[in-house]
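[1] Here is my input, please return the structure:
(2 chains)
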Amino acid sequence: MVDLDQGRQPVPATHSSPGRPADGTEVGLPPRDLKQSWGTVILWAVVLGLLVWSWEGADMRPEELVANSANMARYLQGFLQPDFYDWPIYLEEMIITVQIAIWGTALAVLCAIPLGILSSENIAPWWIYHPVRRLMDAFRAINEMVFAMLFVVAVGLGPFAGVLALWIHTTGILAKLFSEAVEAVDPRPVEGIKAVGANWNQEVIFGVVPQVLPLWISYSLYRFESNVRSATVLGIVGAGGIGQILYESIRGFYYGETAALLLIVIVSVTLLDILSQRLRKMVI
Amino acid sequence: MTPSQNGVRPMAAITVRNLSKTFSRRGKALDDVSLVVQPGEMVGMIGASGSGKSTLIRHISGLLVADRGTGGQIEVLGTPVQQGGSLNAGARFTRARVGVVFQQFNLVGRLSLLTNVLLGALGRIPSWRGSLGWFTRAEKLAAMQALHQVGMADFATQRASTLSGGQQQRAAIARALVQQAEIVLADEPIASLDPKSARRVMEILAHINREFRITVVVSLHQVDYAFAYCPRTVALRDGRIVYDGPSTALTPKFLTDLYGAQSEELILPGAYGQGRDEAAAEPAPIGRPATATAIAG
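    Just a heads-up that it's a prediction; the model follows:
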């Protein structure tokens, strides 16, 4: 510790004492900004206030965790013997889950490219980017589970409803992320392209897209990961995937089967996360 | 449709009449500027930072529009670019005939040098083909030829971002060549370059001016380069043209008279003498040291 501190001493300190540089003038600490310290106090007060205010509404009952600990232990016991008897079905359902995520993400990426560009301040005029952004807000605001329920009614039970749900919700998210990347581009190459007499399309294609492509790919892969996770619960509302048998086994108190299903989900999601992380590192 | 080359030279390459531009934050950037550049000229434009050089160049290429209702007007190659504060409908096609070289090169860093240079053709080829990035073999060969002209053919497949400033700037000039620009507007092309790269870029600009009869307007921060490469210099101060005439008249004393304290910014200590020596050492009149071998090497 002492060594480290000494190593960090600035060079002038070797020939003049700290706080008193060579020219003899006293260097003190900057005066404390009263406004800033009050700001910190108020900020913490607000945070604490929010937590207290939410206690009742969130039905916080930590004592139950202790009181029912025996029940909980029994519950957990059931999970300790995973039942892989039906594993081919589980695996098949997991693959369908991933397939739902693949199509949902792919369609979303396709739509998010134009919509993302159109909701960028530096590319589109305000009367385009404002309405497009609000539409994307709506896509994002509604959870994929809600979309899934709506689509189950529209197109019937099964994975297709799940694909549609992921598609719409992810389009809203990716369009926002894509447009943030577009708004951060260096305007100079775009101007360079404009100056050769290119049209608006060409400015975007050659000036903007090459700059944002690595980020776009990275965001898309990340959303794919998230969509696999989301797709595991879509089955609860009948929109296909492993969620359906998971829900049934939980409701039927089949702890062993539930544990097996959860393990399959954990392993698949982890593998896909690692894979997509590798891919993302490659493009950035 | 690009206006066809009918052999008859338009009267002037660039005509600027009574141009004024006011920025909301910085105030008046250009104040009633008028300027005529004849085809085949190489004109230096000097002035301290904030004197309006870049603003003027960006107006000529139609990247900025003048103040509304001031009657400012710009014609390039006989075609109006903007008047009274609004861009003409065909400005994009005029832009295609004017190459712009920027201080920060404005190449697309993640694209190869060859692609960057090919993009110069976008204004000339059908837009569907341009948008898809389909370039013909002839266009690619022309781009390679242009890269060769600026001594960058060996780097054609490298990403622009991997190259030095001087190399990128040479590629930017190659882009203007592929564009078949009749005018090249260079906006502080050497301000971010080391002296050696700066000379190289200036030589290439002088070369394309001499060999291809391309009209060149180049804004410069340091007066020695104007003195060495441009027969004619336009001097700006606070958005007004304060001198327009032969560069030979630009002695340090004259500049001090023109700019007062600002002249220190234009004549960097030491740099001026150095530029003078080089200009004097070259046999070319009014210092145009560019030679074909220097370009190819």
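[2] pLDDT (mean, whole number) over stretch A:241-254?
    Averaged over stretch A:241-254, pLDDT sits at 90.
[3] Touching that stretch from outside, list them.
    A:78, A:83, A:89-90, A:93-94, A:96-97, A:100, A:159, A:162, A:231-236, A:238, A:257-258, A:261-262, A:264-265 (CB atoms under 8 Å, 6 or more residues apart in numbering or on different chains). C-beta here means a position set from N, CA and C on the backbone, and glycine is covered the same way.
[4] switch to 7 Å and redo it
    With CB atoms under 7 Å, 6 or more residues apart in numbering or on different chains as the test, stretch A:241-254 has contacts from A:90, A:93-94, A:96-97, A:100, A:159, A:162, A:231-236, A:238, A:257-258, A:261, A:265.
[5] distance of the residue of chain A found nearest chain B from B:R92?
    Nearest residue of chain A to chain B: A:G197, at 2.4 Å (CB to the nearest CB). Between A:G197 and B:R92 the computed distance is 5 Å (CB to CB, to the nearest Å).
[6] So which of those two has more stuff around it?
    Higher neighbour count among A:G197 and B:R92: A:G197, with 27 against 17, using other CB atoms under 10 Å in any protein chain shown.
[7] That one: what's it in contact with?
    Applying CB under 7 Å, 6+ apart, the residues contacting A:G197 are B:R92, B:F93, B:R95, B:A96, B:L122, B:G123.
[8] of all those, which comes closest to B:A143?
    Closest approach between those and B:A143, by CB to CB: B:L122, at 11.9 Å.
[9] Send me stretch B:227-236 as CSV with only the CA atoms.
    Extracted C-alpha coordinates of stretch B:227-236, given in CSV (Å, rounded to 0.1, in the frame of the first residue of the first chain):
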residue,chain,number,x,y,z
PHE,B,227,2.7,32.0,-52.2
ALA,B,228,4.3,28.8,-53.4
TYR,B,229,1.5,27.2,-55.3
CYS,B,230,-1.2,29.7,-56.2
PRO,B,231,-0.6,32.5,-58.7
ARG,B,232,-3.6,34.3,-57.4
THR,B,233,-4.6,34.7,-53.7
VAL,B,234,-7.9,35.9,-52.2
ALA,B,235,-7.5,37.2,-48.6
LEU,B,236,-10.5,37.2,-46.3
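[10] Next, the residue of chain A closest to chain B: phi, psi?
    phi 90, psi 20 (degrees, to the nearest 10).
[11] Tell me how many other residues crowd residue 62.
    Reading this off chain A. So A:P62, with other CB under 10 Å, has 7 neighbours.
[12] That was the other one, I meant chain B.
    B:G62, neighbours per other CB under 10 Å, totals 23.
[13] Look at it and report its pLDDT.
    87.
[14] Pull the contacting residues for the closest residue to it other than its chain neighbours.
    Nearest residue to B:G62, sequence neighbours excluded (CB to CB, 6 or more residues apart in numbering or on different chains): B:A91, at 4.2 Å. Shown in contact with B:A91 (CB under 7 Å, 6+ apart): B:G62, B:V81, B:Q82.
[15] These in strands, which ones?
    The strands, defined by DSSP state E, take in B:V81, B:Q82 from the contacts of B:A91.
[16] between the contacts of B:A91, which is nearest chain A?
    Once CB to the nearest CB is applied, the member of these that ends up nearest chain A is B:G62, at 8.7 Å.
[17] How much space separates the residue nearest to B:G62 from B:S34?
    For B:A91, the distance to B:S34 - CB to CB - is 20 Å.
[18] Alongside chain B, which residues does the stretch 51-200 of chain A contribute?
    A:R188, A:P189, A:E191, A:G192, A:I193, A:K194, A:A195, A:V196, A:G197, A:A198, A:N199 (CB under 7 Å from any CB of the partner chain).
[19] Helices of chain B, residue ranges please.
    B:53-60, B:91-96, B:113-118, B:127-132, B:137-149, B:165-178, B:195-211, B:223-229, B:252-259, B:263-266, B:271-281, B:292-296 (DSSP state H).
[20] what does the model give the closest residue to chain A within the stretch 101-250 of chain B for pLDDT?
    Of the stretch 101-250 of chain B, the residue with the smallest distance to chain A, taken as CB to the nearest CB, is B:G123 at 2.4 Å. For B:G123, the pLDDT comes out at 89.
[21] repeat for A:D273
    pLDDT recorded at A:D273 is 89.
[22] Now do the SS call for it.
    Here A:D273 is helix, with the state taken from DSSP: H, G, I helix; E, B strand; the rest coil.
[23] Next, count neighbours for the nearest residue to B:L147 once chain neighbours are set aside.
    Nearest residue to B:L147, sequence neighbours excluded (CB to CB, 6+ apart): B:A153, at 4.5 Å. Here the count is done by other CB under 10 Å, and B:A153 has 16 residues near it.
[24] One more: A:I217?
    A:I217: 16 neighbours (other CB under 10 Å).
[25] Spit out the contact partners of the residue nearest to it when sequence neighbours are not counted.
    In space, and not counting its chain neighbours, A:I217 is closest to A:V283: 4.5 Å by CB to CB, 6+ apart. Contacts here follow CB under 7 Å, 6+ apart; on that basis A:V283 touches A:P214, A:I217, A:S218.
[26] Can you list which of those residues are found in helices?
    Those of the contacts of A:V283 lying in helices (DSSP H): A:P214, A:I217, A:S218.
[27] In terms of pLDDT, where does the residue nearest to A:I217 sit?
    pLDDT, A:V283: 78.
[28] Also A:N143?
    92.
[29] list the contacts for it?
    Counting by CB under 7 Å, 6+ apart, A:N143 makes contact with nothing.
[30] ok, now with 10 Å
    For A:N143, the contacting residues are A:M149, A:A165, A:H169, A:S230, by CB atoms under 10 Å, 6 or more residues apart in numbering or on different chains.
[31] quick one: low-confidence parts of the chain?
    In the absence of a named chain, chain A is used. Within chain A, the stretches with pLDDT under 70 are A:1-24.
[32] hm, I was asking about chain B
    For chain B, applying pLDDT under 70 flags the ranges B:1-11, B:262, B:265-297.
[33] what's across from the most centrally placed residue in it in the sheet?
    Nearest to the mean C-alpha position of chain B, by CA atoms, centre = their mean, lies B:A186 at 1.8 Å. For B:A186, the beta-bridge partners are B:V101, B:V218 (DSSP bridges).
[34] count of neighbours near residue 27?
    Looking at chain A here, since you left the chain open. Residues contacting A:V27 under the criterion other CB under 10 Å number 9.
[35] Let me rephrase: I mean chain B.
    Quick note: B:G27 (other CB under 10 Å) scores 9 neighbours.
[36] so it makes contact with B:T55?
    No. Judged on CB atoms under 10 Å, B:G27 makes no contact with B:T55 at a distance of 11.8 Å.
[37] Need the overlap of contacts for those two.
    B:G239.
[38] A:A184 against A:I123, yeah?
    No. Using CB under 10 Å, A:A184 makes no contact with A:I123, being 12.0 Å away.
[39] Switch the ones in helices among the contacts of A:V283 over to JSON lines; also include distance to B:G40.
    JSON lines is the format used below for these (distance: CB to CB, whole Å):
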{"residue": "A:P214", "distance to B:G40": "44"}
{"residue": "A:I217", "distance to B:G40": "48"}
{"residue": "A:S218", "distance to B:G40": "50"}
